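*Asks:* all I have is the shape, not the residue letters:
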């Protein structure tokens, strides 16, 4: 917390942000301003809501502090930047960026808010280092709606690959270097993102659709057509990395592409050894690299799913109940910091205190459990609990009366 303390001009928000981050790391079943304020011993959620919505502090500067913290402890010359989006299902129409759209979280079209994240994945661990909220066209075409949600009236529409390029550019412009970027078809199918990475001499392994067209010395072909021409001897069994149940083995093949731009361009093909299902990747590197390197980078993409799972399950990344952009930025940035703390402690514990054979190494879940149980579990008396019960009931009574008045007005 001392790392970000200078971003808050007064002692009150410094103390409050510490309580909020500790609450995000707690074992509360549901994490929001109400539940965390009660857990921290505050008389109402007003202070937490003020911190996120009205207090003067720059969430982007704290985001930069999170990035530096992650790089300081998890830095790895072979690290991969992974870009991906995740959705949070929301009700109503007033929460910033919400609309009916597909989200992988629900696996279908839902009323949801979607954000793109940049995850730093190295051998010591992985954590999110940047975030951008996806603002759909239905919002950017409505300046009044943007203004009401705390967005500037000049907010312009940006695709998810454009948001990814923005975050990668910030990472590189901050003086950090990374050799590889990985992402799914949303990003691999975008020529502008690929060109931007090539211009900055950053390698990539980005998934593409089977219908993606690529150019070889023999002409232009669809990716699935080229895959059908790969001889049996060209496939190699390689691991895409260790998972919870062991190494993830697939068959892999690579085809050189003919591109006008300098560098090594290839199509990487992955085949499931059980089902035969194929996946395709556009690859670029400033200089030729072995197949094992491309496979390792492709396998790093799963780290973003693990980051989302831990960030949401352990640090409340998706549990914010805020509507305006400023509040969203503050909440997700502090949730990123909370998860980064767990990832750093995990990496340090693995390095300093290797687990004996009869135990698995400490996980982020177990670290959070021990941290909460041994160090941060607050104790509150009955008066505090009863005070919060009365506060909730009073707030709910006001909300109920307001709904009844609105309903009566509509009927007349």
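*Replies:* In hand now; what should we look at? Fair warning: this is a prediction, and the values are worked out from it, not measured in the lab. Residues are numbered from 1 along each chain as shown.
*Asks:* distance between the longest strand belonging to the chain and the chain's centre?
*Replies:* Assignment by DSSP state E gives strand 108-121 as the longest strand of the chain. In terms of Cα atoms, centre = their mean, to the nearest Å, the centre of strand 108-121 is set 7 Å apart from its chain centre.
*Asks:* list the buried residues of that strand.
*Replies:* Within strand 108-121, the residues that count as buried by 16 or more other Cβ atoms under 10 Å are 110-121. Quick note: C-beta positions are derived from backbone N, CA and C, even for glycine.
*Asks:* ok, stretch 37-53 next?
*Replies:* For stretch 37-53, by 16+ other Cβ under 10 Å, it's 37-40, 42, 44-45, 47-49, 51-52.
*Asks:* partners of the longest strand of the chain, with directions?
*Replies:* strand 80-89 (antiparallel), strand 99-103 (antiparallel), strand 126-133 (antiparallel) (DSSP bridges).
*Asks:* give me whichever of the ones you listed is most buried.
*Replies:* strand 126-133 (a mean of 25; mean count of other Cβ atoms under 10 Å).
*Asks:* for the longest helix seen in the chain, give the mean pLDDT please.
*Replies:* Looking across the chain with DSSP state H, the single longest helix is helix 382-411. Helix 382-411 shows a mean pLDDT of 78.
*Asks:* kindly report the same for stretch 326-338.
*Replies:* 97.
*Asks:* let me see the contact set for the nearest residue to residue 179 once chain neighbours are set aside.
*Replies:* Spatial nearest neighbour of residue 179, excluding adjacent residues (Cβ to Cβ, 6 or more residues apart in numbering): residue 203 at 5.6 Å. Counting by Cβ atoms under 8 Å, 6 or more residues apart in numbering, residue 203 touches 179-181, 197, 283-286, 289, 297.
*Asks:* what about residue 203? Give its phi and psi, please.
*Replies:* As for residue 203, its main-chain torsions (degrees, to the nearest 10) stand at phi -70, psi 160.
*Asks:* how about residue 215?
*Replies:* According to degrees, to the nearest 10, residue 215 has phi -110, psi 130.
*Asks:* so it bridges to which residues?
*Replies:* Beta-bridge partners of residue 215, as defined by DSSP bridges: residue 220.
*Asks:* give me the below-cutoff pLDDT ranges for the stretch 201-350 of the chain.
*Replies:* 244 (pLDDT under 70).
*Asks:* the same query, at a cut-off of 80, please.
*Replies:* Residue ranges of the stretch 201-350 of the chain with pLDDT under 80: 243-245.
*Asks:* would you map the helices across it?
*Replies:* 223-228, 291-300, 302-315, 325-352 (DSSP state H, counting those that start in this stretch).
*Asks:* so what touches the shortest one?
*Replies:* For helix 223-228, the external contacting residues (Cβ under 8 Å, 6+ apart) are 208-214, 216, 253, 255, 267, 269, 278, 280.
*Asks:* repeat for the second one
*Replies:* Contacts to helix 291-300, defined as Cβ under 8 Å, 6+ apart, come from residues 78, 80, 82, 121, 180, 182, 203, 205, 236, 238-241, 248, 252, 254, 266, 268, 270, 281, 283, 285.
*Asks:* now do the third one
*Replies:* The set of residues external to helix 302-315 that reach it, using Cβ under 8 Å, 6+ apart, is 24-25, 80, 82-84, 86, 117, 119, 121, 126-128, 240-241, 243, 317-319, 335-336, 338-339, 342-343, 364-365, 368.
*Asks:* nearest to residue 410 among the buried residues of stretch 37-53?
*Replies:* Residue 410 has its nearest neighbour among the buried residues of stretch 37-53 in residue 49, at 28.3 Å by Cβ to Cβ.
*Asks:* residue 33 is in contact with the closest one, correct?
*Replies:* Yes - counting by Cβ atoms under 8 Å, residue 49 touches residue 33, with 5.1 Å between them.
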